[in-house]
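**Q** Would you be able to build a 3D model of this:
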Amino acid sequence: MQRRTLLKLGAASAAVLVLAGGAAALLQPGLDLGRLSSAGREVFSAVGRAVLDKTLPDEEGTRQIALRGLLDRIDTLVMGLPPPAQAELSQLLSLLASAPGRRALAGLGQPWAEASVDQIQQALQGMRLSSLALRQQAYAALHDISAGAYFSDPASWPLLGYPGPMKI
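**A** Numbers count the residues shown, from 1 in each chain. Okay, here's the model as predicted:
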């Protein structure tokens, strides 16, 4: 394949992703008034299950409580972001919530809620190791937001061996 053909294919693919992402954002935004929409919550719930797999409680009821707390802390984090960063995150979540975007960007065939932890971890690993900077950046955002929001809760500190701030 010639270099020009490859560049044209790349440009066309990028244009399709931008259009699909824009259409998805209009139909199913990732954020709603600075908080996670149902689509955004579904993506972050699945990503949280995968990224925090060994640190989440084993018992299903307690695990669901921990995931709800994670999503609430992500809402708090998102509300503190400047509007341009909120808009970018909303677009990313919209794209990932759509079936074509999920397949293209994350490489995940199953819907987020139906995918196993192992499938989501493999998809995230594919994003992390991708040669495309866009996929790497999307992975970094999902990972860092999930882990940061989870470990900002003092209840998670013992898992890290962190005793908390020094008392003076």
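
**Q** the bottom helix or strand of this structure by mean pLDDT?
**A** Least confident helix or strand, the chain: helix 3-27 with a mean of 57, by mean pLDDT, DSSP states H and E.

**Q** After that one, which helix or strand is next?
**A** Per DSSP states H and E, the first helix or strand lying C-terminal to helix 3-27 is strand 31-32.

**Q** neighbouring contacts of stretch 124-139?
**A** If you take CB atoms under 8 Å, 6 or more residues apart in numbering as the criterion, stretch 124-139 is touched by 47, 50-51, 92, 96, 105-107, 140, 142-143. The C-beta positions use only the backbone N, C-alpha and C, and glycine is treated the same way.

**Q** Tabulate those residues (a markdown table), appending distance to Ser37, pLDDT and secondary structure.
**A** As requested, the contacts of stretch 124-139 are exported to a markdown table (distance: CB to CB, whole Å; pLDDT from 0 to 100; DSSP: H, G, I helix; E, B strand; the rest coil):
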| residue | distance to Ser37 | pLDDT | secondary structure |
| --- | --- | --- | --- |
| Val47 | 15 | 98 | helix |
| Ala50 | 20 | 97 | helix |
| Val51 | 20 | 97 | helix |
| Leu92 | 13 | 96 | helix |
| Leu96 | 12 | 96 | helix |
| Leu105 | 18 | 95 | helix |
| Ala106 | 18 | 96 | helix |
| Gly107 | 23 | 95 | coil |
| Ala140 | 22 | 97 | helix |
| Leu142 | 16 | 97 | helix |
| His143 | 20 | 98 | helix |
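
**Q** Take those residues and lay them out in TSV including neighbour count and distance to Ala85.
**A** What follows is the contacts of stretch 124-139, written out as TSV (neighbours: other CB atoms under 10 Å; distance: CB to CB, whole Å):
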residue	neighbour count	distance to Ala85
Val47	26	18
Ala50	22	23
Val51	23	20
Leu92	23	11
Leu96	27	16
Leu105	23	18
Ala106	25	20
Gly107	16	25
Ala140	12	13
Leu142	25	14
His143	16	16
